[in-house]
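Asker: what would the 3D arrangement of this be:
(2 chains)
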Protein chains: 2
Amino acid sequence: MKTELSRTLGIEHAIFGFTPFPAVAAALTRAGGFGVLGAVRYTAPDDLARDLDWMQAHTDGLPYGLDVVMPAKKVEGVTEAEVEAMIPEEHRAFVRATLAKHGVPELAEGEASGWRITGWMEQVARNQLDVAFDYPIKLLANALGSPPPDVVARAHDHGVLVAALAGSARHARHHAEAGIDVVVAQGYEAGGHTGEIASMVLTPEVVDAVSPLPVLAAGGIGSGEQIAAGLALGAQGVWLGSIWLTTTEAELHSRALTDKLLAAGSGDTVRSRALTGKPARQLRTEWTDAWDDPAGPGTLPMPLQGLLVAEAVSRIQRHEVEPLLGTPVGQIVGRMNSEHSVQQVVDELTRGFEQAVDRINRIAGRSSQ
Amino acid sequence: MKTELSRTLGIEHAIFGFTPFPAVAAALTRAGGFGVLGAVRYTAPDDLARDLDWMQAHTDGLPYGLDVVMPAKKVEGVTEAEVEAMIPEEHRAFVRATLAKHGVPELAEGEASGWRITGWMEQVARNQLDVAFDYPIKLLANALGSPPPDVVARAHDHGVLVAALAGSARHARHHAEAGIDVVVAQGYEAGGHTGEIASMVLTPEVVDAVSPLPVLAAGGIGSGEQIAAGLALGAQGVWLGSIWLTTTEAELHSRALTDKLLAAGSGDTVRSRALTGKPARQLRTEWTDAWDDPAGPGTLPMPLQGLLVAEAVSRIQRHEVEPLLGTPVGQIVGRMNSEHSVQQVVDELTRGFEQAVDRINRIAGRSSQ
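Answerer: Numbering: from 1, shown residues only, chains lettered A, B, ... in the order given. This is a model prediction of the structure:
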């Protein structure tokens, strides 16, 4: 499964995997794909350096990438405390009431809330980059618009390709104008932040919009036949995020959450603003239902919503409060029904891809197949 | 482009087209695809007979089908007047106010409202079938659940395959249990009534759910590469509806509506209950915005909403009131940017399909390609 982009990067399969877990990213790279480590949780540069050291030691010199969250618009000199002060008391009360209704315990003394707004602030992302460019990363992805011009230039100076996610052809054109090298077309069915346009329509639109820049198809891809579909739509590779959550290398640290993912059907996700304030696909839970209920106070805009719910989400996860327990995941969760190693998943993807190619050749009457 | 199903039906390309226009259905059949004529607007059996006579005279003995709307649940002895009486005055006032705000003129004396609830009632569909089985139709599709068992049996007695639309694997399994022969997997991005699951995820789920029954991929398909994607996902053919709306054979009878379709982007549709009371994808207009506005009275359940808005929709269409003028259409409307004949569309679809197969073979390293 080779495209111009996969040849440029020197990988065997044009399968890109986004994951917050170094063990998953490294295993995907070792399996011939391209692991992309999500950096948003590394608020301390030393933690990122430690995990990139680990990646270096476990990728056999094969290529991998890093995904940062760097807003295109700079917000100068705003502190977390100032943002905290913008949250209405009504919303804080709603968080308390919803947690109380489900008897969610407090965090223990000294347990930190996992998610912090700081991971979304430009200076934090820049500190991450200062670390990252000391490592031989081959691709830098940005989940929130195009990165600033100086970051693109710095990446290019280091020989690092820059990728950015797009939910519409218009976003994709902005990325192309900003000097981005690879556009990830993120369809409606994807986990995490998504727009309204489904992959079947979005992928070829983005390909047309930015050609000859390479496009990766993201959203709805978790099998070899879905890879074949994404590549038939003009993509130079596929970008998978959800599928890795139920691999044996994933460090979800919650048996209850893993079990929920394994049990969920494709109709059990929702595109909700509950997590960050922007629409993001995730497991539908009583938590997302509460925020999406017209009778409630509704969600706040990004970044307020993320800050508002950060501690609550940590408490729900820490205590595995099943009805509220969720995670960003795409509609392919319906097919994530058993746990496998990353290598097994890649083997299944490539085998399924070959079968889909056989099938399409039979339909096309290509008898040599 | 041949599959087991296309061979069974004796067609050259596994391209199925749903359309309310006999000229489009006949042209698609003549072009080597399979035209399916939508029957919902034929409340008078003689009108259907007239158009099926025309189809017979213009399809060169090639196969075509009919699409009826037959609710699985029978509502005995309820008259249109009784249903009318269930509509709250608040909703009628909202219709009047919205039309008045946009200065929509009345219909002229004797002009009938186009859409009537009667087209959705089982007895009307049964009268249509009494006519249809006198013609050599090869496929009977039902847009609203599985048809009643006696209708399935009657179709099979006539050697007619029965198809039904499904928006989830669960729906598809119900169809299989009801003896349906072909399942149309209707993805989120499709025009008309749709569920939440996008085609990339839905198609293989439905294929798995009803195998070995043949599945047609519907939703997001308007190019040869999208056909290749749908077939790679396991479908035995594709089902296209939107793409025909801007063919030269389509009888929209509204230049303003055709121009809106040609100008619309993929983000200009909305899944709204405004038209029928069930979520149906259509052009987003000030009419759908009014119904979807939380400040308004909201929509009524099917069939009340359709009855409530029938005359209003006729007035909007008759007088081409641009801000309110819409139609069911899928997200591929973004690629419907010029008018072509049905034959030209089919040529472009098959050419694009071959190119997509070439491309996927290059990626797969099938050097003989």
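Asker: quick one: is the helix or strand hosting residue A:287 near chain B?
Answerer: For residue A:287, the element it lies in under DSSP states H and E is helix A:286-292. No: figure legend: helix A:286-292 not in contact with chain B (Cβ under 8 Å from any Cβ of the partner chain); closest approach 12.8 Å. In short, each C-beta sits where N, CA and C put it, glycine included.
Asker: so which elements touch that helix?
Answerer: Packing partners of helix A:286-292 (3 or more Cβ pairs under 8 Å, 6 or more residues apart in numbering or on different chains; DSSP states H and E): helix A:89-101, strand A:269-272.
Asker: who touches the last one?
Answerer: Right, strand A:269-272. Residues outside strand A:269-272 that contact it (Cβ atoms under 8 Å, 6 or more residues apart in numbering or on different chains): A:188, A:191, A:194, A:279-284, A:288, A:291-292, A:299, A:329-331, A:333.
Asker: same check on stretch A:82-95?
Answerer: A:117, A:290, A:296-297, A:300, A:303-304, A:307-309, A:312.
Asker: going by neighbour count, which of those are buried?
Answerer: Buried subset of those (neighbour count, 16 or more other Cβ atoms under 10 Å in any protein chain shown): A:117, A:290, A:300, A:303-304, A:307-309, A:312.
Asker: only alpha carbons, please: show the lowest-mean-pLDDT helix or strand in chain A as PDB.
Answerer: Every helix and strand of chain A was ranked by mean pLDDT, DSSP states H and E. The lowest is helix A:80-84, at a mean of 80. Taking C-alpha atoms only, helix A:80-84 is exported to PDB below (Å, rounded to 0.1, in the frame of the first residue of the first chain):
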ATOM      1  CA  GLU A  80      -5.700  30.400  33.100                       C
ATOM      2  CA  ALA A  81      -7.100  32.300  36.200                       C
ATOM      3  CA  GLU A  82      -8.500  35.000  33.900                       C
ATOM      4  CA  VAL A  83     -10.200  32.400  31.700                       C
ATOM      5  CA  GLU A  84     -11.500  30.600  34.900                       C
END
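Asker: just the helices in chain A please.
Answerer: A:4-9, A:22-30, A:45-57, A:80-84, A:89-101, A:122-132, A:149-157, A:169-177, A:199-210, A:224-232, A:255-263, A:286-292, A:304-318, A:342-364 (DSSP state H).
Asker: check these for me: which has the lowest mean pLDDT.
Answerer: Of all the helices of chain A, mean pLDDT reaches its minimum on helix A:80-84 (a mean of 80).
Asker: write out the residues of the stretch 151-300 of chain A neighbouring chain B.
Answerer: For the stretch 151-300 of chain A, the contact set with chain B under Cβ under 8 Å from any Cβ comprises A:168-169, A:187-189, A:195-202, A:204-205, A:219-221, A:223, A:225-226, A:228-234, A:265-267, A:294.
Asker: now which of the residues you listed would you call buried?
Answerer: Counted by 16+ other Cβ under 10 Å, those give A:168-169, A:187-189, A:195-202, A:204-205, A:219-221, A:223, A:225-226, A:228-234, A:265-267 as buried.
Asker: rewinding a little: can you tell me which of the helices and strands packed on helix A:286-292 is most buried?
Answerer: Among the helices and strands packed on helix A:286-292, strand A:269-272 has the highest mean neighbour count (mean count of other Cβ atoms under 10 Å in any protein chain shown), at a mean of 22.
Asker: gap between residue A:319 and chain B?
Answerer: Distance, residue A:319 to chain B, by Cβ to the nearest Cβ, to the nearest Å: 30 Å.
Asker: wait, isn't that residue in contact with residue A:104?
Answerer: Yes: using Cβ atoms under 8 Å, residue A:319 is in contact with residue A:104, at 6.1 Å.
Asker: ok, residue A:89 to residue A:308 distance?
Answerer: Distance of residue A:89 to residue A:308, given as Cβ to Cβ, to the nearest Å: 11 Å.
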